[in-house]
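Chemist: sharing a model that was predicted from the sequence below.
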Amino acid sequence: MKAKFFSDRIAQLDPKKDHREIAFLLTCHCFPWDMERALEFALFRTFAVPSISKILVGTGEFTSRTRKRYDDTELILYEILEHGMDSLRGGKAIDRMNDMHGRFKIPNEDFLYVLSTFIFEPIRWMDRFGWRPFTELEKEAILTNYTLLGQKMHITGIPETLEAFEAFNLEYEKVHFRFDRHNQIIGNKTIELLLGFYVPKFLFPLGKPLLYSLMDRPLQNAMGFKSPPKIISALMSSLLKTRAWFIKFLPERKNPKLGTKRKRATYPNGYQIESLGTFPPRQNHST
């Protein structure tokens, strides 16, 4: 198998017709670690919006069961990615997500912003730290994939082009990013969770500035995080770019890295899609 077999495969696909396959190959073969990090920061950006963070704090899940909330979010997204939106498991995951969201009065604009972060944070991460940036074909496939997911989430007014959607993303952040204690509560819990994947708790004070350095100033301010010294930002950037340089010469994963198959302490005996999330599924009394 050629070193970059899956990237070459993607180049032969159609971004409209083959969007699901392209998204799968990018996430599970070409950029498994980078895509997970990028999507973590995509979710993190949503915490900088008080109307979103207040709902999340209100459920109590992010403060009392942070790891479960993280795993549930990842598993729902991976179920959709790995099996497809129109599959039985993908459909169940979308239904579960819509069931949870439907319990709150969430403005369409907030849904639209969350969707935009799933598109643009991976693109921006690869531009900065990936072993290569996404191609225009891959960007179009990502837009198509999340546009279709957004429609299944009943989101309206989804921009039709990357340029228009990114303009919305940037303008939304200008208007809605502001400090709130709910942002900080969720932010601190999530930072500690992410650090816990790599270092013991006594090293958290050293690790936090490194994670803060990956955030732009508006995000830092909205979360109430102190901007780290420039040398810390330069160090973290250099480490990630050095990693990317080495990976450029390695083969892409032959076997997919599947998020649904990963061992998780939250679910040592496996999970049911209907059990993921913050609330028990609603009962259908129509029959």
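Modeler: Okay, I see it.

Chemist: quick one: the helices in the stretch 1-150 of the chain?
Modeler: 5-11, 19-25, 32-46, 50-59, 61-64, 66-83, 88-101, 108-129, 136-152 (DSSP state H, counting those that start in this stretch).

Chemist: closest one to Tyr267 among the ones you listed?
Modeler: Across the helices of the stretch 1-150 of the chain, Tyr267 has its closest neighbour in helix 66-83 (6.9 Å, C-beta to C-beta). (Glycine included, C-beta is placed from N, CA and C.)

Chemist: sorry, back to before: and of the helices of the stretch 1-150 of the chain, who's closest to Thr266?
Modeler: helix 66-83 (4.4 Å).

Chemist: who are the packing partners of the closest one?
Modeler: helix 19-25, helix 32-46, helix 61-64, helix 88-101, helix 181-196 (3 or more C-beta pairs under 8 Å, 6 or more residues apart in numbering; DSSP states H and E).

Chemist: how about the secondary structure of Phe165?
Modeler: Of the three states, Phe165 takes helix under DSSP: H, G, I helix; E, B strand; the rest coil.

Chemist: ok, residues contacting stretch 109-119?
Modeler: Contact with stretch 109-119 is made by 39, 42-43, 45-46, 49, 51-52, 101, 142-143, 146, 149-150, 153, 155, 157-158, 162, 165-166, 168-169, 172-173, 176, as judged by C-beta atoms under 8 Å, 6 or more residues apart in numbering.

Chemist: so which bits of that stretch are buried?
Modeler: Asp110, Phe111, Leu112, Tyr113, Val114, Leu115, Ser116, Thr117, Phe118, Ile119 (16 or more other C-beta atoms under 10 Å).

Chemist: any idea how far the fifth one is from Phe47?
Modeler: In this case it means Val114. 11 Å (C-beta to C-beta, to the nearest Å).

Chemist: likewise the last one?
Modeler: The gap separating Ile119 from Phe47 is 18 Å, by C-beta to C-beta.

Chemist: related to what we said a few turns ago, of the contacts of stretch 109-119, select the buried ones using a ChimeraX command.
Modeler: Here is the ChimeraX command that picks out the buried ones among the contacts of stretch 109-119, judged by 16+ other C-beta under 10 Å:
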select :39,42,43,45,46,49,52,142,143,146,149,150,153,155,158,162,165,166,168,169,172,173,176
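
Chemist: output the buried residues of stretch 109-119 in TSV; the columns should cover pLDDT and distance to Ala265.
Modeler: Output for these, formatted as TSV (pLDDT from 0 to 100; distance: C-beta to C-beta, whole Å):
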residue	pLDDT	distance to Ala265
Asp110	96	31
Phe111	97	30
Leu112	98	34
Tyr113	98	31
Val114	97	26
Leu115	97	29
Ser116	98	32
Thr117	97	27
Phe118	96	25
Ile119	97	30
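
Chemist: which strand or helix spans Phe168?
Modeler: In the assignment (DSSP states H and E), Phe168 maps to helix 162-176.

Chemist: which helices and strands does that helix pack with?
Modeler: Against helix 162-176 (3+ C-beta pairs under 8 Å, 6+ apart) you get helix 108-129, helix 136-152.

Chemist: quick one: Asp18 and Thr144 touch, right?
Modeler: No - Asp18 is not in contact with Thr144 according to C-beta atoms under 8 Å; the separation is 9.3 Å.

Chemist: check contacts around Tyr271.
Modeler: Leu75.

Chemist: neighbours around the residue lying closest to Arg124 once chain neighbours are set aside, how many?
Modeler: Spatial nearest neighbour of Arg124, chain neighbours left out: Ala38 (7.7 Å); criterion: C-beta to C-beta, 6 or more residues apart in numbering. Neighbours of Ala38 under the rule other C-beta atoms under 10 Å: 23.

Chemist: roughly how far apart are Ala38 and Leu203?
Modeler: 24 Å.

Chemist: so Tyr267: helix, strand or coil?
Modeler: Tyr267 ends up coil, using three-state DSSP.

Chemist: so what's it closest to, chain neighbours aside?
Modeler: In space, and not counting its chain neighbours, Tyr267 is closest to Asp71: 6.9 Å by C-beta to C-beta, 6+ apart.

Chemist: now do the buried residues in stretch 235-255.
Modeler: Residues Met236, Leu240, Ala244, Ile247, Glu252, Arg253 are the ones in stretch 235-255 that count as buried (16+ other C-beta under 10 Å).

Chemist: may I ask which helix or strand encompasses the nearest residue to Phe177 once chain neighbours are set aside?
Modeler: Of all residues not flanking Phe177 in the chain, Ala222 sits nearest, at 4.3 Å (C-beta to C-beta, 6+ apart). Element membership for Ala222 (DSSP H and E) is helix 217-223.

Chemist: if anything else comes up later, I'll come back, but that's it for now.
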